[in-house]
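S.K.: I'd like to go over a predicted model; first the sequence, then the structure.
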Amino acid sequence: MRRLGLATVLGFLLAVFGLAPSASAADADLTFVTDSATTTPGGTVKLSMTLTNNKTYDILFVYQTIEPTWLTTQRPDLKYGFTDCSLTTDTGSTPCSGTGPANLGPNYGATIPPGQSRTVTLTLQVSADSGCNGNMGFYTYYYAEFSDATNISGGPVYTPETRVLCA
């Protein structure tokens, strides 16, 4: 109990004197949307991830992974894969450099200036022989480095779930 008290006092002092780490939500924001809450075997769903730079310095580097949630992995009859990826910026849309649970960071393109966003859209293809009446969901962790030599880590950030319905 004594150690808990010491840790609490130390944390309070760090916060009072401004030495505590700042919240990452003020630096960058990662949000998800899907174009549909449901699909059928053989169907597709677009999963869009938008990274917004809320800091006053450029984002120079992003590392991001995407993985299925535990409940999704418990349904081996759900068969799916990421088949397409595109990056949307103020100047238009271009193909991504990769898809799936690999490093999605380069897909956001080069530097993200303060106040700007980048949106990466993955196409989730459900196999024609996939099981039905199950939910698919994903989560991500991300890491970003800024031009002022600071960095943030975020996650898990969860995607909306997609329900695979029987036709």
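M.R.: Sure thing, it's come through.
S.K.: what bridges to the residue nearest the centre of the chain?
M.R.: Residue closest to the mean C-alpha point of the chain, counted by C-alpha atoms, centre = their mean, is residue 140 at 4.3 Å. With DSSP bridges as the criterion, residue 140 is bridged to residue 66, residue 157.
S.K.: so what's it up against?
M.R.: 30, 49, 64-67, 104, 155-157, 159 (C-beta atoms under 8 Å, 6 or more residues apart in numbering). Where C-beta positions appear, they are placed from N, C-alpha and C, glycine not excepted.
S.K.: how about a markdown table for these, with neighbour count, pLDDT and distance to residue 130 added?
M.R.: Below are the contacts of residue 140 laid out as a markdown table (neighbours: other C-beta atoms under 10 Å; pLDDT from 0 to 100; distance: C-beta to C-beta, whole Å):
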| residue | neighbour count | pLDDT | distance to residue 130 |
| --- | --- | --- | --- |
| 30 | 19 | 88 | 27 |
| 49 | 23 | 88 | 23 |
| 64 | 23 | 84 | 26 |
| 65 | 17 | 82 | 23 |
| 66 | 22 | 84 | 19 |
| 67 | 14 | 86 | 18 |
| 104 | 25 | 71 | 23 |
| 155 | 14 | 85 | 27 |
| 156 | 11 | 89 | 25 |
| 157 | 17 | 88 | 25 |
| 159 | 23 | 89 | 18 |
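S.K.: I'd like the next helix or strand past the helix or strand where residue 118 lies.
M.R.: Assigned by DSSP states H and E, residue 118 falls within strand 117-126. Later in the chain than strand 117-126, the nearest helix or strand by DSSP H and E is strand 134-136.
S.K.: tell me the mean pLDDT over that next one?
M.R.: Per-residue pLDDT over strand 134-136 has a mean of 91.
S.K.: could you do stretch 56-63 as well?
M.R.: pLDDT averaged over stretch 56-63 gives 89.
S.K.: stretch 71-84 now?
M.R.: In this model, stretch 71-84 carries a mean pLDDT of 89.
S.K.: please identify the buried residues of it?
M.R.: 72, 75, 78, 80, 82 (16 or more other C-beta atoms under 10 Å).
S.K.: alright, that wraps it up for me.
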